[in-house]
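Enquirer: Please work out how this folds:
(chains A and B)
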Amino acid sequence: MSAEAGGVELVRKSDVVWELPVSGDMRVPGRIFASGRLIDAITQDRAADQVANVAHLPGIVEASFAMPDIHWGYGFPIGGVAATRVADGVVSPGGVGFDICCGVRLLASKFTEEDFAGNRDQVMAELDRRIPRGIGKGAIAPRAILKDVLRRGAAAAVAAGYGWDADLERCEERGTSDGAEVDAMTDRALTRGGDQLGSLGAGNHFLEVQAVDRVLDPTAARVFGLEEGMVVVMIHCGSRGLGHQTCTDQLKLMGNAMNRYGIAVPDRQLASVPVTSTEGRSYLAAMAASANFAWANRHILAHEAREAFARAFGIAPRSTGMDLVYDVAHNLAKLETHDLDGVATELCVHRKGATRAFGPGHADLPDDVRQVGQPVLIPGSMGTASWVLRGVAANPAFASAAHGAGRVMSRKKAKAHSSGSEVRRALEDAGIAVRPGSVKLLSEEAPYAYKDVDEVADVCERAGLAARVARLRPLGVVKG
Amino acid sequence: MPRTVLSHTADTGIDATAPTLGELIEELATGMFELVAGPAETEPSRAVEATVEGGEPADLVVDALSELLYLSEVEDVVFGVVDVVETNDGVGITAGGMPSGEVDVVGPPIKAVTYHGLVVEATSEGWHGRVYFDV
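Expert: Model prediction:
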């Protein structure tokens, strides 16, 4: 059985694995994890072409992977994973994206759905007032801590009074990316992002109050601190203008350097240089500093969410039980050691719209989480579910899983489908409180613009990418 | 001068034509900010100037648009009017607009100008450009 996408033939290898055979200058095949229904959506745009383009990168190993939420991006598809050998492969900012270390954070709480219902208006009003979002709408933290944040990430935020020490244990990389160098950043990046520390942004970024709807894996849920009926808070955002400018500056430098290394790529957004080159090291150092901004940004927003709940319920923040379940990035390139044909090999794993998903026993996981595997957070769209999964052994895509529902409809079409007011009304009719930065923008992020997140989570499990732990249902949405 | 919004699953873009390269940059830049705030309906209250050094036309277009995005964010202005003058070294830009808090937002802020699917080409009638933006 096969499918076709933009002239590229996809060969069905199993229930949930589709392969793009090597052709032209592809160095490896493409491999897409999707059900038959998802592949129908995936083949509507140019995402499969981009999977093939990524397969041209020097040093790429095994395959150019695509997660079940894959869709057309720029350079890499969103949902793309590529591992290159550090020894003789390349690093590509296009494999990370402009929103460096964009990711998701999930907070537990002591509150039940009934508790929230009784204080819903107060909580949403506090969040509405406290969470900077949208275009040019300020930030929570002062510029004075910026350089410390770039060096130490979430640890600098905790030192400045945002969040709790224990939070750091539940952050990927403990909230601090190694190898960050402030000197690798441009002044323009520091200027652009300096006044945005502790802000949500806009587009698909959000802060959502959710309820744990269903637990499928009670053991893992208990370890993660989740139980049915619990109110949780999910935050999705990244490195703001600082990361966007860093990627812009680095792409220009790499574009100029590529000829010197004799590297040719089919899309300029895939500009890349050897991982070990001066430019490659410089990019990774600037990327790590931008990632530190993102870890801290989510940390500061989480602090503010705790303050909002505490104020609304008239209790101390520490009494809210809003412990961190996990914080995980989905736009990063990371140097990791993986088994390659039986040999432990250092790889640069690019995850562009894909979540790291380490399985049980991995040394980099916190002690308590290590027994069940890393929490994998898959946000849905407004009005639909989100999912918590866990990493599993023998993941077939260098320990990666999906990062969201994945768009299926362009912004243009989504806006034509319904107005922002209509989307807001539909959400409120479904019992979901909405606090948008702009009502008009709601239509672009409406549930109908995305794939079925339940199916994405299900395919992750069937493909051996991650196992489902709990389904989350939205109660209140704060959007940029 | 014709200008169209490109359909893209996750992001967005502008396709435009113009008699000169400078005017093409004006078209693309104006289109880029209209994605965020719609057509400017009032006189600009703020203005900025910038110069961007040249290279290949495609690079000049990306660099000029990226400079405007940078200025928009650090000056907190959404530009509604963009004038571009071609110089020996590249382009000079004058852009006017309104503080972001005073515009009626119609689309999400643009994060960056991408090289994906980038087209900047001379045609028999002038210039044609196609640029995708990350939002």
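
Enquirer: residues touching residue 110, list them.
Expert: With no chain named, the answer covers chain A. Residue A:110 makes contact with A:319, A:320, A:321, A:322 under the criterion Cβ atoms under 8 Å, 6 or more residues apart in numbering or on different chains. Where C-beta positions appear, they are placed from N, C-alpha and C, glycine not excepted.

Enquirer: The chain in question should be chain B.
Expert: Taking Cβ under 8 Å, 6+ apart as the test, what residue B:110 contacts is B:12, B:32, B:35, B:36, B:69, B:133, B:134, B:135.

Enquirer: Now it, what are its backbone angles?
Expert: Per-residue torsions, residue B:110: phi -90, psi 130 (degrees, to the nearest 10).

Enquirer: just the helices in the chain please.
Expert: Answering for chain A, as no chain was given. Per DSSP state H, chain A carries helices over the ranges A:36-42, A:47-54, A:113-130, A:146-152, A:154-159, A:187-193, A:218-224, A:240-261, A:278-313, A:367-370, A:411-417, A:420-429, A:453-462.

Enquirer: Wait, chain B was what I had in mind.
Expert: Under DSSP H, chain B gives helices at B:21-37, B:57-75.

Enquirer: Could you check the angle the shortest one makes with helix B:57-75?
Expert: In this case it means helix B:21-37. Taking axes from the mean of the first three to the mean of the last three Cα atoms, to 10 degrees, helix B:21-37 and helix B:57-75 form an angle of 40 degrees between their directions.

Enquirer: average model confidence for helix B:21-37?
Expert: Mean pLDDT, computed over helix B:21-37, is 97.

Enquirer: repeat for stretch A:399-407
Expert: On average, stretch A:399-407 scores 94.

Enquirer: any idea how far that stretch is from the chain center?
Expert: Centroid separation between stretch A:399-407 and its chain, computed with Cα atoms, centre = their mean, to the nearest Å, is 8 Å.

Enquirer: now stretch B:29-40
Expert: Relative to its chain's centre, stretch B:29-40 lies at 8 Å (Cα atoms, centre = their mean).

Enquirer: What of stretch A:333-350?
Expert: Mean-position distance between stretch A:333-350 and its chain equals 21 Å (Cα atoms, centre = their mean).

Enquirer: Return the set of buried residues in it.
Expert: Neighbour-count burial for stretch A:333-350, counted by 16 or more other Cβ atoms under 10 Å in any protein chain shown, picks out A:333, A:334, A:336, A:338, A:345, A:347, A:348, A:349, A:350.

Enquirer: Out of these, which is nearest to residue A:302?
Expert: Ranked by distance to residue A:302 (Cβ to Cβ), those are led by residue A:334 at 22.5 Å.

Enquirer: Excluding covalently adjacent residues, which one is nearest to that closest one?
Expert: Leaving aside its chain neighbours, residue A:334 sits nearest to residue A:349 (5.4 Å; criterion: Cβ to Cβ, 6 or more residues apart in numbering or on different chains).

Enquirer: Excluding covalently adjacent residues, which one is nearest to residue A:216?
Expert: With Cβ to Cβ, 6+ apart as the criterion, residue A:216 has its nearest non-adjacent residue at 4.9 Å, and that residue is residue A:468.
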